[in-house]
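Asker: Quick one, what's the 3D model for this:
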Amino acid sequence: MLYMIVGRDAEDSLADRAAARDAHVARIGALVDDGRLVVAGPMPAIDADDPGPAGFSGSLVVAEFESLVAAEEWARADPYLASGAWVSVEVSPFKQVMP
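Answerer: Just a heads-up that it's a prediction; the model follows:
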């Protein structure tokens, strides 16, 4: 089943994001390699492709997991959470309707 993972950024998270980015992207890449990723990306804090120093308000991942528990465990192990870039993470079942 698909699950939506939303990580919410801490204030001034850019340095923590930068420090954990390679490890975070590697985990997302593993989902891609396994054919489980639907979409993933950061949520700019302002209405711009490159938010600059405004940074990000969080990140979204929609991917396939065996269960809600498995998705929650995966999310809690994310380097962004461990680094302090994310202050919280929410996991919910997701039903893709389109495309």
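
Asker: How is D47 assigned, secondary-structure-wise?
Answerer: Reduced to three states with DSSP: H, G, I helix; E, B strand; the rest coil, the structure at D47 is coil.

Asker: Could you check the pLDDT of the closest residue to P42 other than its chain neighbours?
Answerer: Counting by CB to CB, 6 or more residues apart in numbering, the nearest residue to P42 once its immediate chain neighbours are dropped is F56, at 4.5 Å. No exception for glycine: its C-beta is placed from N, CA and C like everyone else's. At F56, the model reports a pLDDT of 97.

Asker: now the strands for the protein?
Answerer: Applying DSSP state E to the chain gives strands spanning 2-9, 37-44, 56-64, 86-94.

Asker: returning to that earlier point: pull the number of nearby residues for the residue nearest to P42.
Answerer: Neighbour count for F56, taken as other CB atoms under 10 Å: 21.
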